[in-house]
Structure formats: C-alpha cells, structure tokens
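K.L.:
next comes the sequence, and after it the predicted model I'd like to discuss.
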Amino acid sequence: MNHLSGAAALLVFPLFFWFSAGEGKGEGIGFNREIRPILSQNCFACHGPDEHERKAGLRLDERESALAERDGARVIDLQNIDQSLLLERIFSEDPEEVMPPPGSHKVLEAKEKETIRQWIAEGAQYEDHWAFVPPARSVLPVVSPRRAGRSHNAVDRFIQKRLQEEGLGFSPPADRATWLRRVSFDLTGLPPRPEETSAFVESEHLNASERELDRLLASSRYGERMALAWMDAARYGDSSVMHADGNRDMWPWRDWLIDAYNANKPFDDFTVEQLAGDLLPDATVKQRIASGFNRNHATSDEGGAIAEELRVEYVVDRVKTTANVWLALSMECGQCHDHKYDPISQKEYYEFFAYFNNTTDPGMQTRNGNQAPIVRIFSEAQQKQLDSVRGELKVLEKRREEEVPPQSEIEAWVAGVREGARRDPPEFSSWSWLGPFSGGDFETALGKNFGPEKERKKNARKAHGGLKWSEGETWPDGEVHSLKLPENGAGYLGREVETDRELKGTIWLGSDDGIKVWLNGKELHVNKAQRSAALDQDRVPVTLKPGRHWLLLKVVNASQAAGFAFRWESERYPKSIRQLAERGLNECTEEERKKLRTHYSKEVWPEGKELDGAIAKIKEREKALINVVPTSMIMEDQKEKPRVTYILSRGQYDQPRKDQPVEPGVPQALPELPAEAPANRLGLAQWLTRPDHPLTARVAVNRYWAMLFGQGIVKTVGDFGNQGAWPSHLDLLDWLAVDFVESEWDVKRTIRQIVLSAAYGQSSRSLPVLRERDPENRLLARASRFRLQGEFLRDQALAVSGLLVERHGGPGVKPYQPPNIWNEVSLNGGLRYRRDDGEKLYRRSLYTYWKRSAPMPNMMIFDAPSREKCALERPRTNTPLQALVTLNDPQFVEAARLLAQRLLDFDGTTGERFDLGYRLVAGRPATERETAMLEKWLTEQERYFSEDPDRAGQYLEVGEFPLPSETTPVTLASWTAVAQLMLNLDEALTRN
Amino acid sequence: MTMPSFDDYLTNVTRRRFLLSTGHGMGAAALSGLFQQGAASAATRSNAGLPAFPNKAGKAKRAIYLFFSGGPSHIDTFDYKPAMRGLHGMELPDSIRNGQRLTGMTSGQSSFPCVAPMFDFKRHGQHGTWMSELLPHTASIADHITIVKSMHTEAINHDPAITYINTGVQQPGKPSLGSWLSYGLGSETENMPAYVVMISRGRGQLQALYDRLWGSGFLPSRHQGVKLRSAGEPVLFLNNPPGVNRPMRRSMLDQLAQLNGESYERFKDPETQTRISQYEMAFRMQMAVPDIMDVSQESEHTKKLYGPDVDKPGSFARNCLLARRMAEQGVRFIQLFHRGWDQHGDLPRRIRWQCEDIDQACAGLIKDLKERGMFDETLVICGGEFGRTIYSQGKLSETNHGRDHHGRCFSTWLAGGGIKEGFEFGKTDDFSYNITENPVHIRDLNATILNQLGIDHERLTFRYQGLDERLTGVEEARVVKEILA
C-alpha cells in the first residue's frame, strides 16, 4: 500500500522542520522563501518602504541600498562578510548596538541570524517579491512512475513532487461515500442524500466522480454556497451597522451574486461588474446591482456626526476591502503613512483612494432603508404594468398640452380677476351638530375631549356621551349664529370640505366664547376667549390637499349667550397675475398673455383641471407601482464636478493637503494601467483583470484552494505582501493561476480540476507520525478534516430532517432566535426581532436576516464574522457554547424531532433505522458496535420518557412544525433523543 | 518572541488536546474523573491563554469594568471646581473652545452658555476629593479609588467613541478589550467563560450598544464576551430542551462520548477529543451559571451593601453582585454596561436617575471586594466613552439644561488591582473643558488595564492580514504609572 511506504520512510528519515531547508536542497538560501520573511518581520518597519520612518537612510528591502558603502563600511559587505554591519549588529550583545533594538520587542532567533549570515556568504542575492512578478505557466514536474500512477491530474504532480522530496506519499483514497459527502459540502454546503450516495458508491461508470461533480456544480446550491463565502469578503449585511443599525435591502445584490456563480460568470466580468458595473456602457440593471459590492460597507446616521468624516471612512473601507479581496494587500496601512512592509506609499494609497472618492452617496446616511443612489428592480410583469401606466400617462399629458381654453373664457376670467375675484372655493357640506356637553368649568369644557376631537372623519353612528351627530344644520357662512349652550357647556360643529386640488385659504371665525378648530383630527387653532361673537374675530390659515376633509369646530360657552360665525376666504390670485389682469389682455406683451393663459388653464379652467386630476391619479398609480418594487444600493460617480482627492495628512478627513491633489492611479510596484483604461473604477477593474496581473488570479485561486482544503497554498489568504506566508506550492499556485486566466477566468473549471485531484480525494486519517511530521498538513499527504461552518450545520440539520425549504433569493428571513437579542442593545431599546413563521423558519442559512450590531447568536458562536468589515477567513474553534447550540437551540431540537419522525416513517428494523440516520448525518451506515450502543440507549430513553409522559410532551413541543397525529409521544421522544445524538456526532459536525 | 498568527491559531486550536485515553469506553466515570480536576495544567486546559502570558508581574488576576454608556457628565459628578460657580451663564470663551469641533447637534447653536452643576459638591475622604451630592455612596469609597480626571478621546459621537474605548479603534472590526484578555490570559475556570458581559438600562435616552463592543473581531470566537442575561436563559442556549433533565443529558453526553470515541478510532483526529471535552465543559457550565445567578445564599449584610435594587434581576446593582460572584469563580473579565447617560436635555433630572441606579452598587462592590480580601487582586474600572460639555445644549433655564458630548476630557475611576487608594490624577481647566495636567488617552487607560493584569500591551499581539495587531494600536500608549500603588 502506497501510504505505508510513505509512513515507513518517515521512520527512516530524520525529522526536520519542513520548509527550513526542505525544498531544493543544495540550491542555497532562497531570498523570498527564507530571508524576506525575517527581514520583513524584523527590519522593514525602520529599513523598508516607509520613507518617513526610515532610519539611517537604509533600505533592507533593496539590494543596492544594503550593499552601498557608507562611511567606509557596508551594511552587507560581500568582500569581508564578517565586516557586514548587518551581521555585526544582529549578533551584537550590546543593547545599544543590537538590531532589532530591544524597544521594538522583536528578537531574532539564533537560527535566523545564521540563515542571514549564510545568505550573505552566498552572495546576498535578492529576488523580487514573488507575488509581484506575473506567474508563468509552471512546467509539470516529473515524478516517479509509481507517484505518477497515483496522480489524477496536473495538480497532483506538483503535490507529489513535494512529497517525493520529503519522502512522503499520498494517503489512500477516501472511500466513495466520504468523498461524496466532502465534495457535496464543499461545493453546495449540504450533505448528499442517502440515495445519491448509494448510487455513487455502486456506480460502475468510469467517470462516476466527474458525473457527481458536474451534478453538484450544476446545482443551484452551488451558487448559494459560493455566495456565502463571498458575502463574508463583501461585508454583506441587511443592516447599516453604525448607530441605529437600521434595515437596508441589499439582498438583490446577494441574489445577483448567487446567479453569477450559478451562471459561472467569468471572474473578470464578475470583478468588473462588482467594482464598476455602473460605469459600463449602457449598464444593465443587473450590472448596476452588482456595483453594490462597494455599498455593503457600514454606514452611519448618528445625529451629531460630521458627514465628511463618515464619507471618508466609507472610502477608506472600499479601498481596504477592494485591496484585501482582489490583491490580498493590506493597502489600508497607507492611509496615515507609507506602508511599513509593502511598497505602497501614502501618495499611492490616495491615488487608489481617488477611484472610490468620487461617488454621490453622502456621509450621513439613512437608518430607514436604502440610501441613494439606488436602482429599482422591476420584475417582467411589474415592468409591463409600469409601461402600460406610463403609456396612458403620455396620452393624457399630450392631450393636456394640446387642449387650450377658449379665448372668450380667458377674457371673462381676466375681467373677473380685475374686479378682485378670488380662486375657487372648496365645496363645503352643510353643518352637523353634536352637543351640548357640560364641562363643569370653562377650562374643562374647553380642554376635555367629549368624544369626536381626535376623529379624522365624521363618525355618524357613534354616540359620544350618549349624543350623536345631528345633520343638516343650515348656518350660512359670513353671519353670526346663536347656539344653545349652557353655562360652561360645549358643542361641536362639523362639516366636510372637498377640493380636487391643493387650495390655500383662510378660515375666519367668530365665537361666544372659546373656540377650537381641528382638521382631520389635527388641532389647528384654540382661543380661550370670553367674548360676544362677531365676524372675523379669529383667523386660521389652512392648506387643503386634494380630497375630502373633516373640519371640526368646538364652541365653548362661559355664560349666558353663545354663538359662532364662519367664513372661508380662498387665497387671492398671485400679485403678478392680478397686476397683469389689471392692465388687461390687450395691454400685455405676448409673453404676459401667455402667462395669463397658462395660469387660467392650470389653475382655473374646469376642463383642464379635470384632466390634471386624471393625470395626478395616473401618476399616483405610477408611484405606487414604483414604490412596491425592491431597490438595491449601487455605486454612482459624480459626473459634473468630480471630487478632487488630496492626500490626507495622517489620514485625517479634515486635513487634506490642498497643495497635493492626486489623480486616480495604482501602485508603481504593480503593473501599469492598461493603455485605454479610463481614470475611474472601470479602469481600475480593467487593470485588476489584466491577464498578466501578478495578484488577481493567484489570490482568487488560492481562495478556492483554501475553501476546498481548509487552508490556502498561501496560508495568509488575505496577505500576499511581504508579511504574507511563503506558498507551500508556488509552482502549483502559478500553474492554477495561469490556467485560470487562460481558460478565460472559468471558476467552475478551476474548482473542478482541484476537486478531481487525488490529493483532494485522499483519506483524512491522520497517523500520529504524520501529524508530528506535518502537523498543519501543508504537504497534503492526507486530506484535511475540519468542523463545518455554522451555516452548513444548521442547513444540514434542516436537510436531513426534511424541513429545509429551498426557495431561492429574496429578502432576509428571521428564524428562531432567543428573545431580546435586538432590543437589549438597540437604540432606545425599542427594536425587537420579529420572528417569521412557516417556511421562513427553514430556509438555508445564507438567507437569514443579518443584523450586524446583533447578529444571529447561533452563527456567531460558530465563528461567523459580524460582517461589519471584510473577512477573508473564518477561525474554526471548538467551544462549549457550540455544544449548547446543537444540543439546545430550538432550531436543532425541532430538526431532531423531524429527523426522528423520518426514521420512524422508514419501513425497516431498528437497526436499519439507525443506519438511515447515520447515512443522513455521516454519509455511512452505523457499525455493529454503534448499533448495539444505540439500541441500548434507545431502550433507556423509552424508559425515561415512559416514567413521566409529560417529559415526552414537553420535549416534542419544541418548534413550530406540527406534530403528526399518528406517533406515540414516548416513541417519538425517544427517537428524537437518538436523532439529537446523531446530529451531535463528531462526524456529523465535521467535513471529513 | 514571535506571536502566533491567525493561521497558526487555526491549526493550534485543533492541536490542543485533551489527554484522554484513546480506548473505547469513555464513560461517565472516566470523564468525570478527568474534568473534576479544577487545576488542570495550562498546557492541557482547552481554555488556557497564551503560554507567554502574563508576561510581567501583574497585581490583578481579573478585572470588572463598570461601563456607563452614553457619556456621563464629568462636570456633575467628579470634575468639579468651586470657580465653576462664577462661570454660570457666561458664554464659553473662544480661548477655551480653541477651535474644538462640535457635534452636529450643537455646532449650529448661536450661544454657548456655561452651566455650573446644579448640584451641591462636598469634599470627601482624607484627601478632600470633590464629589457630587448625586454620589453619596461613591463618596464613601473616595479613599479607595483613583479618579482620573484627564481622560480624553478624539471621538465626539457615541458609535465611534464607544467602539474606540472598547476595541481601540473608532470603526468596527477589531477585538474588544475583554477578548484580548481572554486570548492572552485564558480563563481561571473550566466552568465559566473567560469574559462575561451584563447589560442594564437606566431611565434616560438609551444609546445603542453593539455586539462588537464585546466581540472578538478577528480573534477566534471563543474569546467573545458571553452575555449573562437576567431574563430567560442566563446564557444563550444554556437550558436543556423542556422534558430533558440533567441525568438524561448526562446519559446523552456519555453516549455521545462513546460514539465519538468510535470516530476517533477511525480518523485519529485530536479535534474529536477536544470536542468531547467541550461538551463536558458545556455540561459543567449548565450547572455553574445558574449557581452564580442564584444569589439566595448571599447574606443580608452583603446584599445591603449593593442597595435595594440588588433584589431586582437585571438591575445594575444585581449585576454588580453577580460580577463579584463571578470574580470569585475565576471569570477573567466581567464587563457591565449601564445604559442611559446621554443627557442632551433635561440633564439635572435624568442624571439623578442614573446616579441613583449606580451609586450604592458601585460603592457596595468595592466594599464587598474589600471585605472578602479580593480587592487587591481585582481591578475595577468605572467610566464611559466620553464626558459632556460645560456649555448648555439647548436653552439654559434656571433649573434645566442639557450638555453635548465632550471628548477632550472626562473622568474615569479605577480601584483595586494595584491602583492607588484615595488618589486623583490629571487636571482640567475651570471649565472642565481642556486638560491642563497629565492627560490620559483612552489607549493609556487600556494599556494600564492590561498592565495591571500582567500584560505588556505592546507584546500582546496577533498577526492578522500581515500586521501584528494589538489593542492599543500603532499610536503611542503608555501605562499610567503615576496611579499605581
């Protein structure tokens, strides 16, 4: 057996730290692999790219500077190696002399010092930083025939070469069931169905694995799984993060993302659309939605905040995210000073910053929904409806434009205006009366609501203090009328007012004694006067919107007589119109006549107003159609006056160096912009997707690798800079990157190649000796084994229990969450989590509403990032709180109940039912030992639940999903306990 | 020494192992025997900190942080001078404001009238420390605490300010103080999380809190603060499902351990053993947490120290008592958030409410720690994210006014854990607007807290995205040695 030979070799070869002198024995010290990490970590901060912090003018990241003569000595002296100041200083024991200085808390280990000495002895050869040099297609390594036999494809050849050098070999292949469960989780985030596993295990097809793989890649679950990882990187959330952390709707962007993966959108288009979809010529709605990638960042609505400070923060976040995700560079360091480790000056930082600094979105953003710029997303049906409404509108508007009032009408109207006419009054109904009420004293009579005061319209049927409205009182306007009110009594007068357009006017009132006025239940006026009634004592200005209104008066009598007076006065025509009318049509210029005609047509002419009313109604329909349509936040640049970018002194928003405006640009250490690239985000995206870009493809394929193996070829998936880790298989990384670009950025192809490798398909069994030798599994002499991420665990529980609802896309859903998670922290404590019901409890976890100030606790406990910032990796911890989730969270308890039901519904023996359970959660049947243990334990549970039937009842009540009528509670409860066991098995929680 | 990176950590987590037998039967007996060893050595404990820490002699084993969210007024509580009385009603001089940026809430005001506190102040303790009538009980511990009157921060709004003081940066994304402590020092107990958070609310305007204030940022999630809650389950998901009692859960875990033992045999993955131990820890936590929450065993004398609110679950006073109980059990860092200090208007009435909530409990906690001999090894910190302005926000009337946010100076007190007793540090001008002596940046405060727990703040680092991240960031931060006993 192959792996045995590897293991045997282990015992023979001495153990050594694998990458210290492992690769390319006898080839000398590699600068990139061995020296750069030491210098970067310990020296570059003061002797590196940062011009301002540089000490003694020395750069250790550049050979020329290190070898230069200074005051008769050299930092690196190739003639007299031991005269090298560098060696003198690092070997010094004098705290005044030694480098790095003690204050830096950096200490070189003896081995590191020796490595540097040897490197100098070998000529102190420098190499360009590997990640900044474009990858070339690596030559396929030649390995022994036996190893070649174990290789499935090119990927394996590179890994085998390394293993061969180390005297190791692949582990045996994983069994088919394990392989299928592994690849199903990796590519779809869900386990295979038992029947899929059986079919695959039994398949005699030559390309069985390829067929399974293609099935998975074609499944829409693939897009959901890939989207989930990208959502961490894109800091996706359903809330705005800062201060109120209000709701936002970015789910159309998330749905775009899923679709993009499922359609296998080439990675260059994927990049261009997300960074600059809005800037593409004739950008489609989808491309604009895609640009929302850079609207996912945290925003604030805090009242006291300074808008520009926030706006700059948003741009800083976009720079950081874009650079982390596509370049794996911590460009954000350049905000305040030159980068300490990587060749990115502060000026270059702001050149990059300039790409994102010209957007129209403001610093102060909303806490209620989406902040402009947005795009509205119409379904086909909605678009049709809208088009039809807009068609109608167009017709009416055209009519309105074409039809003009007859000249004679205009002349008559002008004459009227000259004589002091006012605009049309609204229509008033007759008065209704409600009263009298007794108040006891005047204050109370005036202040107390005897019933109708808050009502927004007349409530004719309702009795108030035993009284109802009496109808049809005729109290003509503009006269004083007496009312029958006792001492300290009050009565209400109400009437309806109707207008077909907005009207301004004045209500003139008289009263004996006090009076109050409401319009539609809103108080407009109060006067505690005690007086005799006369015309025009009080003046109440009113604006009436088109429609019907309810006007309510309350007259309060202090003593003796009571009464009121009312009249309406419409606003007069505007002064300019009156002046023109004064002059007469004949005396006006053509322009002035036009003004009069227009005014008449718009404001007075009944036929015109009728048409206006119809147009207004259609516009309302249009608005209603638009308002129900979801929106998504997008990027948009200022076109008229692009914002000038300045270097910000120490990164401070309020300290621009006005003498140093910068143009959009990319760091010098990286390739140039394509010749035709526009100076905006589109140009930046074109630059990132240059086929010869040294970073974009490598960073992307490394991330796919990390997703499939649990760690990247470059371990630091977010840092390919000087501080980043040396790749375990640089030749493989480059081969994959070149292949990726040459295949026109075909994501599925890359994933397919990796998954089909023998390396991916190995068993994960880790022999202790192998663990000692390569604890991190960098060499890949075995497959990785790690805990499933939180979303996969929840989705698996839903899937195996049959609860999972696979509906795609749409707004975030709110499944079970313990009470008071939101309001415990929310502004003013008012915002509560409103749990959804029904199928929304069982959607895939990536659709769970993600509130970033208080994210789903059962996911956070499993290392989900809050997504307030870009996250490229998740830690994988193993904690007691995780145990509490999978044992006690109602979501998991309910799923166990349904899994139990599923097992009970299976027509078979108890042992066969255990088998089915194991197949569902672990992808394999239970062993005999396991079956025996479970049988014994099941019996115990039956005893436990029989002892006290309430236990079963309570246990089975967890979760909303209804109980079946058939099963006996004790049986179902016992099996639910078994199902809980199964869902908590190490194998169930682990991707193996 | 080189600190482990994020990626090393990922791997190390899987390497930490519980030295369980690799045999089949890992029944209850075997397990309980193992887990009852409270003094498991740090190397085998799954919740241990980093081997290099503490890396200096620390006075404190643990810390309790009483955090007042919203920005308590230093002027009406601690930072008083009699000269203020003469400034009342006077326009804030430009020479004092000195171009300081104001929040959007008052930058448009045409007038900035100074307001002297509408409360009496008296000198207390051996050193004659000024304290407001609002804090009669705190006055009684004047001889045990150090008041730093020269705290300052650049942030002038809640979200950035509270994020800054708790995570070292104004924007979201970094680990909190407590999670750094958990990461560096681990937990002293196998039964409780290393970092516990409790929230109570006052009666004033409640500013928002955010999970990030106790979150673990890029540190592994095991270091995030665990909320202890007064209603419902004290720790999320702590309770067994209804119908499942403790013996039944025990039996389930024994069975699970056996089945997982089968897995271990199959794959030899040490993570499987860690998982078994984590389930056991969860089981113990299910016992330990309710024990801590149950204050019925506390004596009347002790309860009295904290004031009458101690009988109300969820009150600040109850949380203070719980904090002491957790400190006793070895919880490393306990952070209380009391909300409601944002008095833009109606300050005289509202700050009184807030002080009523906290005064006796704060003093009670100090006295209780003293009586139990825990004072010297427990660091207590008490303060908010910033202070408030001397000038009135909105109209100044005879009896009412508001105050806006003020970051240029504010007061925080510390006690125990090697802090001087009966001491004041730092001075501000007569307007309590600018620091005139010994400024203490919030980074300095955090450096000092770490120092008292035995950590050199420059050495507790974590490699993330190529940078050696640390709580105090890259700007200068110093341990405030002057306040150390």
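P.N.:
Sure thing, it's come through. Residues are numbered from 1 along each chain as shown, chains lettered A, B, ... in the order given.
K.L.:
wait, A:Val540 sits on A:Leu509?
P.N.:
Yes. A:Val540 sits in contact with A:Leu509 when judged by CB atoms under 8 Å, with a separation of 6.6 Å. C-beta: built from backbone N, CA, C; applies to glycine.
K.L.:
which residues are common contacts for the two?
P.N.:
Counting by CB atoms under 8 Å, 6 or more residues apart in numbering or on different chains, the shared contacts of A:Val540 and A:Leu509 are A:517, A:525.
K.L.:
so the two - more neighbours on which side?
P.N.:
A:Leu509 (22 against 15; other CB atoms under 10 Å in any protein chain shown).
K.L.:
can you tell me the element that one falls in?
P.N.:
strand A:503-512 (DSSP states H and E).
K.L.:
return the list of helices and strands in contact with that strand.
P.N.:
strand A:514-519, strand A:538-544, strand A:547-557, strand A:562-570 (3 or more CB pairs under 8 Å, 6 or more residues apart in numbering or on different chains; DSSP states H and E).
K.L.:
what about the second one, distance to the chain center?
P.N.:
Between the mean C-alpha point of strand A:538-544 and the mean C-alpha point of its chain there is a distance of 48 Å (CA atoms, centre = their mean, to the nearest Å).
K.L.:
tell me where the stretch 201-350 of chain A has helices.
P.N.:
Here the stretch 201-350 of chain A has its helices, by DSSP state H, counting those that start in this stretch, at A:208-218, A:220-233, A:251-262, A:267-276, A:285-290, A:307-322, A:346-354.
K.L.:
possible to save those as JSON lines with mean neighbour count?
P.N.:
Formatted as JSON lines, these follow (neighbours: other CB atoms under 10 Å in any protein chain shown):
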{"stretch": "helix A:208-218", "mean neighbour count": "17"}
{"stretch": "helix A:220-233", "mean neighbour count": "21"}
{"stretch": "helix A:251-262", "mean neighbour count": "23"}
{"stretch": "helix A:267-276", "mean neighbour count": "24"}
{"stretch": "helix A:285-290", "mean neighbour count": "22"}
{"stretch": "helix A:307-322", "mean neighbour count": "21"}
{"stretch": "helix A:346-354", "mean neighbour count": "23"}
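K.L.:
so which of those is nearest chain B?
P.N.:
Smallest distance to chain B across the helices of the stretch 201-350 of chain A (CB to the nearest CB): 6.3 Å, for helix A:307-322.
K.L.:
which strands or helices does that closest one pack on?
P.N.:
Packed next to helix A:307-322, using 3+ CB pairs under 8 Å, 6+ apart, are helix A:346-354.
K.L.:
for the helix or strand just after the helix it packs on, packing partners?
P.N.:
Note on helix A:346-354: by DSSP H and E, the next helix or strand toward the C-terminus is strand A:374-376. Contacts defined by 3+ CB pairs under 8 Å, 6+ apart place strand A:374-376 against helix A:285-290, strand A:631-633.
K.L.:
check which helix or strand covers the residue of the stretch 551-700 of chain A found nearest chain B.
P.N.:
Proximity of the stretch 551-700 of chain A to chain B (CB to the nearest CB) peaks at A:Asp654, 7.7 Å away. Applying DSSP H and E as the criterion places A:Asp654 outside every helix and strand.
K.L.:
wait, what's in contact with it?
P.N.:
Per CB under 8 Å, 6+ apart, neighbours of A:Asp654: A:308-309, B:101.
K.L.:
any chance of JSON lines for the residues you listed, columns distance to B:Asn446?
P.N.:
Output for the contacts of A:Asp654, formatted as JSON lines (distance: CB to CB, whole Å):
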{"residue": "A:Glu308", "distance to B:Asn446": "28"}
{"residue": "A:Glu309", "distance to B:Asn446": "23"}
{"residue": "B:Arg101", "distance to B:Asn446": "24"}
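K.L.:
just give me the neighbour total for the residue in the stretch 51-200 of chain A that chain B sits nearest to.
P.N.:
Residue of the stretch 51-200 of chain A nearest chain B, by CB to the nearest CB: A:His105 (5.6 Å). Counted with other CB under 10 Å, the neighbours of A:His105 add up to 14.
K.L.:
same check, this time on the one 5 residues further on
P.N.:
Applying the criterion other CB under 10 Å, we find 8 residues in the vicinity of A:Ala110.
K.L.:
and what of A:Leu780?
P.N.:
A:Leu780 has 29 nearby residues by other CB under 10 Å.
K.L.:
for the one 5 residues further on, same thing?
P.N.:
Counted with other CB under 10 Å, residues neighbouring A:Arg785 total 24.
K.L.:
so it versus chain B, what's the distance?
P.N.:
For A:Arg785, the distance to chain B (CB to the nearest CB, to the nearest Å) stands at 5 Å.
K.L.:
my guess is A:Ser757 contacts A:Gln160, does it?
P.N.:
No. Contact criterion CB under 8 Å: A:Ser757 and A:Gln160 do not qualify, at 10.2 Å.
K.L.:
identify the contacts common to these two.
P.N.:
Counting by CB under 8 Å, 6+ apart, the residues touching both A:Ser757 and A:Gln160 are A:Ser151.
K.L.:
who's more crowded, those two?
P.N.:
Between A:Ser757 and A:Gln160, counted using other CB under 10 Å, A:Gln160 has the larger neighbour count: 25 against 22.
K.L.:
which of the helices or strands spans the more buried one?
P.N.:
helix A:154-166.
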